[in-house]
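Engineer: give me coordinates for this.
(one chain, ligands or ions: 2)
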Amino acid sequence: MKVLLAAAADADRWREAFAARLPGATIAVWPDAPPEADYALVWRAPADLFARVRVRRAIFNLGAGVDALLAVPGLPAGVPVLRLEDAGMAEQMAEYAALAVLRAFRDAEHYAREQRAGRWTPLPRRDKRDFRVGLLGAGVLGRAVARTLTVLGFPLAAWSRTPHAIAGAAVYAGIESLRPFLASVRVAVALLPSTPATRGLLDAERLSWLPEGAHLVNAGRGDLVVDADLVAALDSGRIASATLDVYRAEPLPPEHPVWHHPGIVMTPHVSALTRIAESADQVAAKIAAIERGEPVSGVVDRARGY
Ligand code: NAP
Ligand code: GLV
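Structural biologist: Ligands and ions are numbered 1, 2, ... in the order given. Below is the predicted model of the structure:
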């Protein structure tokens, strides 16, 4: 079996991880480009990868979001593209979302500000029943976040393309239900893929559907949000805070207003990092299943974009 690895970073660790799990496979590491490979294992695939290498059996994305891979020229039409499913990311995303939600619920910004000003300003206890958290995206990561927030006692709503029953969460599905969903939540946590249907979704109008003083967390993809509209909503106080992990450009250019906005907490795309061992376990198990002729999960629907 011939495998091509184009992992963008940590190439040696990825190669070792796959060599241990795919005994007998020949593993070429980009920029080594054999004319053909059975499997390609890629993250941030180089633009000329598919012009140089003919991939026969499957292309594995070494991350959950496939937006970048689907945009690579010459991605072969008949070859399945698979994404990572959890592989150690769901636990991290649940931590990230819980931290952001708890910061909002427990008025962390207020107490940080008051400490800097040398003021002793206790606020009354909030009622969690009035602090519904809404998940945009009820996939692998959204469901993990829901489980953690449920343990913390937050009422939940989940919005997705198709309806999903999540224990304890109000279910919303489809674009026509976005307005009532957003209107019903105090914190919106976005865990959506970047697709033609989600890019620019949270613009001025949709952000205005959130209640006054709501909080936004975006850890899916940066192009979900229209940055200027978010900054305007924060400036006007309509949105109380935003926690952002993903951006339209990464790294964000130094002059971008998001860097220094007092209402924004930024992290550099670290909410759920790819775990090499877990990811290699998952990919190797799927390659073995494909070789046995068995079906595998995590196959991307290219028309849908995720
Ligand atoms: P997933 O299992 O495919 O879930 C995607 C969810 O989004 C599904 O519930 C899906 O609805 C929903 N969705 C897609 N398009 C929609 C639309 N137009 N309207 C409403 N809902 C829509 O993916 P995942 O594993 O949870 O990952 C989600 C995303 O997180 C990835 O695509 C990636 O961009 C991002 N991510 C970020 C990090 C980070 O470190 N910041 C790490 C990993 C992943 P259905 O259930 O109805 O299909
Ligand atoms: C990270 O952003 C991923 O999509 O895995």
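Engineer: residue 60: neighbour count?
Structural biologist: When neighbours are counted by other Cβ atoms under 10 Å, residue 60 registers 25. C-beta coordinates here come from the backbone N, C-alpha and C atoms, glycine included.
Engineer: for it, give me its contacts.
Structural biologist: By Cβ atoms under 8 Å, 6 or more residues apart in numbering, the contact list for residue 60 reads 39-42, 81-82, 283, 286-287.
Engineer: repeat that for 7 Å
Structural biologist: By Cβ atoms under 7 Å, 6 or more residues apart in numbering, the contact list for residue 60 reads 39-41, 82, 283.
Engineer: now those residues in a markdown table, with pLDDT and neighbour count?
Structural biologist: What follows is the contacts of residue 60, written out as a markdown table (pLDDT from 0 to 100; neighbours: other Cβ atoms under 10 Å):
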| residue | pLDDT | neighbour count |
| --- | --- | --- |
| 39 | 98 | 27 |
| 40 | 98 | 29 |
| 41 | 98 | 30 |
| 82 | 98 | 22 |
| 283 | 98 | 26 |
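Engineer: how close does the residue sitting nearest the centre point of the chain get to residue 86?
Structural biologist: Geometric centre of the chain, nearest residue: residue 220, 3.1 Å, by Cα atoms, centre = their mean. Applying Cβ to Cβ, to the nearest Å, the value for residue 220 to residue 86 is 15 Å.
Engineer: can you check residue 288 too?
Structural biologist: Distance, residue 288 to residue 86, by Cβ to Cβ: 18 Å.
Engineer: the more surrounded of those two?
Structural biologist: Using other Cβ under 10 Å, the more surrounded residue of residue 288 and residue 86 is residue 86, with 21 against 13.
Engineer: verify the stated contact: that one with residue 143.
Structural biologist: No: the criterion here is Cβ atoms under 7 Å, and residue 86 misses it with residue 143 at 9.7 Å.
Engineer: which residues in the chain form helices?
Structural biologist: 11-21, 49-52, 67-70, 89-105, 108-116, 140-151, 178-183, 204-207, 227-235, 276-291 (DSSP state H).
Engineer: what parts of this protein come near ligand 1?
Structural biologist: Contact residues (Cβ under 6 Å from any ligand atom) of the chain with ligand 1: 64-65, 89, 137-142, 160-162, 164, 191-195, 197-198, 219-221, 245-246, 269, 271-272, 306.
Engineer: give me the buried entries from those residues.
Structural biologist: Neighbour-count burial (16 or more other Cβ atoms under 10 Å) applied to the residues of the chain next to ligand 1 gives 64-65, 89, 137-142, 160-161, 164, 191-195, 198, 219-221, 245-246, 269, 271-272, 306.
Engineer: cool, thanks, signing off.
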